[in-house]
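**Q** show me the folded form of this:
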Amino acid sequence: MSTPVLVLNPNIKREGGRKAQVGNIAAAKAVSEIIRTCLGPRAMLKMVLDPMGGIVLTNDGNAILREIDVAHPAAKSMIELSRAQDENVGDGTTSVIILAGEVLSLAEGWLEKNIHPHIIIGGFLKALDDSIEALEKYSKTIDTKNRQEMLNVIGSCIGTKLISRWSEFMCSLALDAVMTVVVEENGHKEIDIKRYARIEKIPGGDILDSKVIRGVMFNKDVTHSGMRRRIENPRILLLDCPLEYKKAESQMSVDVSKEEHWTQILQQEEEYVTNLCKDIIKFKPDVVITEKGLSDLAQHWFVKNGITALRRLRKTDNLRVARACGATIVNRTDEIQDSDIGTGAGLFEVRKIGDEYFCFIEECKEPKACTIVLRGANKEVLNEIERNLHDAMNVARNVVFEPKLVPGGGAIEMAVAQHLTGKSEAIAGVEQWTYRAVAAAMEVIPRTLAQNCGAKTVKVLTDLRAKHFSNPQENSTWGIDGDKGVIVDMKTLGVWEPFSVKSQTFKTAIEAATLLLRVDDVVSGLSKKKESGGGAQPTEDQMAQE
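**A** Presented below is the predicted three-dimensional model:
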């Protein structure tokens with residue numbers, strides 16, 4: 001009998017075949033179970049202690065999962081789903097994990113019956129294509145210029161969040177912020193809320209004190225007490241260069257033999273800074289903002305000429321100021337032109353809020369950047385409001401890009417499930433049953449909504465299924481009221497979700513499930529010694545062998 005050949009290091013952990021597939025499905029289901037109770041208006045909150053010792057109190061799927069440290073590769077893959085969903089559409093981070101976990105859970109039964117994974121995957125991908133087709137069929141178009149309709153859509157999104165108590169107020173904030181940063185060129189819309197709609201959190205005050213500033217606010221004070229703190233219709237100059245003597249890039253020393261030589265060196269430095277200031281002063285700006293340093297001599301010249309100066313502003317803030325007031329960021333003072341001066345702002349003012357000084361550049365004529373000032377009791381509340389507002393702004397952005405809606409409250413999932421069940425009759429062979437598994441998995445969303453509000457799940461789900469079966473087209477908008485746990489027409493309740501969020505949820509969840517089903521071998525790159533953590537320092541011989 002031949003001696004077995006060991007290819008892998010015996011210390012490396014390896015799982016293969018059915019064991020690897022079952023392990024992956026179990027890990028995915030475990031991640032899904034963590035946030036299952038975070039769905040719907042009756043969602044529970046999770047309290048997570050982050051590595052830095054801070055507390056995260058939220059029901060946002062992505063915020064919870066990114067703080068959890070997991071070891072299993074399949075669980076890490078599931079957590080990546082939530083992050084990808086958040087980056088793409090900004091909402092549906094909980095739904096995508098629950099749906100992916102349910103799809104994999106139903107696939108497990110077929111694997112136990114020795115059905116090949118590729119046959120299961122074939123049925124799943126056919127079901128995905130038909131699901132998107134059904135979404136198109138049951139969607140309706142919205143007029144993005146109708147403010148009330150847009151507010152209703154955003155209200156449906158934040159109805160499951162902490163800020164649902166101030167729904168109307170927060171919806172207005174989100175919509176105003178998104179509409180402020182919309183830029184349209186040659187028929188192409190650009191809405192960059194990450195860069196141009198900044199959320200500034202200031203503890204203290206009431207949540208209703210929050211507001212959208214049609215301009216920019218940042219945490220800075222003037223550099224000299226003699227500078228003006230309030231200027232109406234200011235001329236704003238933005239710089240990306242230091243207003244102080246330029247230091248040598250490499251270390252150098254100067255030997256001075258006479259006292260007058262030292263005086264000459266100091267005089268040259270002063271002349272250099274004075275020339276920089278003269279280049280600026282001749283354009284008569286009221287406010288000068290630089291991303292770099294500002295010397296005492298430059299401050300003297302600016303105070304003498306009635307110019308207010310701010311220094312060391314972040315690049316991101318400088319870009320928002322440029323966009324809000326129509327200025328151009330200049331890299332050298334000798335290249336300044338009159339067209340670079342921003343004149344679009346109506347007011348520059350420095351105000352004290354709490355113990356901090358903030359600069360406000362507001363009342364802009366055509367602001368394409370804005371700042372949302374959030375007030376609240378403490379940092380935990382403000383962080384949760386920020387996450388909720390981020391979701392609301394993403395929903396508004398998605399609807400502006402693709403103005404199509406589908407009914408919420410689990411109605412669209414049940415309608416898609418009925419659509420898939422009907423189409424499965426035309427599919428021959430085993431794929432028909434794996435195709436139907438996706439239809440069964442869709443029902444996890446209405447089922448979870450019913451469970452989370454304490455309803456009689458079996459009765460409510462049976463009633464909803466019967467309602468959709470009796471007339472699929474007419475009753476496609478019937479779903480579950482997440483507050484009362486009864487079936488209701490979503491047209492009456494006014495709960496609608498963006499088409500782009502729901503289609504992305506279906507695509508991400510089913511494609512991720514098919515990806516995990518393709519895995520039949522899991523090889524851990526970490527050896528058992530390293531995984532256990534600790535142990536003696538390895539010798540040079542051991543390191544050479546590894």
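**Q** which element is Ile97 on?
**A** helix 93-112 (DSSP states H and E).
**Q** pull the distance from that helix to the chain's centre.
**A** The chain centre lies 24 Å from the centre of helix 93-112; the measure is CA atoms, centre = their mean, to the nearest Å.
**Q** what residues does stretch 356-367 touch?
**A** 180, 202, 213-221, 234, 236, 310, 321, 323-326, 344-352 (CB atoms under 8 Å, 6 or more residues apart in numbering). (C-beta placed from N, C-alpha, C; glycine too.)
**Q** strands of the stretch 401-546 of the chain, start to end?
**A** Applying DSSP state E, counting those that start in this stretch to the stretch 401-546 of the chain gives strands spanning 404-407, 478-480, 487-489, 496-498, 521-527.
**Q** among the contacts of stretch 356-367, which ones are buried?
**A** Buried members of those, scored by 16 or more other CB atoms under 10 Å, are 180, 202, 213-218, 220, 234, 236, 310, 321, 323-326, 344-345, 348-350.
**Q** show me these that map onto strands.
**A** Secondary structure from DSSP state E places 202, 213, 216-218, 236, 310, 348-350 of those in strands.
**Q** can you list those in CSV and add pLDDT?
**A** Below are those laid out as CSV (pLDDT from 0 to 100):
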residue, pLDDT
Ile202, 90
Ile213, 92
Val216, 93
Met217, 93
Phe218, 92
Ile236, 95
Leu310, 95
Phe348, 95
Glu349, 94
Val350, 94
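**Q** from those, which two are the most distant?
**A** Spatial extent of these (CB to CB) is set by the pair Ile202 and Ile236 at 23.5 Å.
**Q** surely Arg36 meets Thr448?
**A** Yes. Counting by CB atoms under 8 Å, Arg36 does reach Thr448; the two are 5.9 Å apart.
**Q** the more surrounded of those two?
**A** The neighbour comparison of Arg36 against Thr448 (other CB atoms under 10 Å) goes to Thr448, with 26 against 21.
**Q** any idea how far the more buried one is from Val460?
**A** Going from Thr448 to Val460 by CB to CB, to the nearest Å gives 12 Å.
**Q** run through the helices of the stretch 401-546 of the chain in chain order.
**A** In the stretch 401-546 of the chain, the segments counted as helices under DSSP state H, counting those that start in this stretch are 411-423, 431-442, 444-452, 457-470, 490-493, 499-517, 528-532, 540-545.
**Q** so which of those gets nearest Asn88?
**A** helix 499-517 (5.6 Å).
**Q** starting at the chain centroid, how far to that closest one?
**A** Centroid displacement of helix 499-517 relative to its chain, using CA atoms, centre = their mean, is 18 Å.
**Q** now that helix: mean pLDDT?
**A** Across helix 499-517, pLDDT averages out at 92.
**Q** just stretch 313-332 next, same as before
**A** Stretch 313-332 comes out at a mean pLDDT of 93.
**Q** contacts for it, please.
**A** The contact list for stretch 313-332 (CB under 8 Å, 6+ apart) reads 195-196, 198, 215-216, 218, 220, 236-241, 289-291, 336, 339-345, 361, 364, 366-371.
**Q** quick one: buried ones out of those residues?
**A** Those of the contacts of stretch 313-332 that meet the buried threshold are 196, 198, 215-216, 218, 220, 236-239, 241, 289-291, 336, 340-342, 344-345, 361, 364, 367-371, by 16+ other CB under 10 Å.
**Q** how about the helices in the stretch 151-300 of the chain?
**A** 167-181, 193-196, 259-281, 296-304.
**Q** which parts of the longest one are buried?
**A** When neighbours are counted by 16+ other CB under 10 Å, the buried residues of helix 259-281 are found to be 273, 276-277, 280-281.
**Q** could you list the low-pLDDT ranges of the stretch 151-300 of the chain?
**A** Counting by pLDDT under 70, the stretch 151-300 of the chain contains low-confidence ranges at 248-249.
**Q** er, the stretch 1-150 of the chain actually
**A** Low-confidence segments of the stretch 1-150 of the chain, defined by pLDDT under 70, are located at 1-16.
**Q** kindly recompute the last result at 50.
**A** Counting by pLDDT under 50, the stretch 1-150 of the chain shows low-confidence ranges at 1.
**Q** tell me where it has strands.
**A** All strands of the stretch 1-150 of the chain, identified by DSSP E, counting those that start in this stretch, fall at 12-16, 46-49, 55-58, 140-141.
**Q** hey, what's in contact with both of Arg36 and Thr448?
**A** Common neighbours of Arg36 and Thr448 (CB under 8 Å, 6+ apart) are Ile98.
**Q** mean pLDDT for the strands of the stretch 401-546 of the chain: which is lowest?
**A** Of all the strands of the stretch 401-546 of the chain, the minimum mean pLDDT falls on strand 521-527 (a mean of 66).
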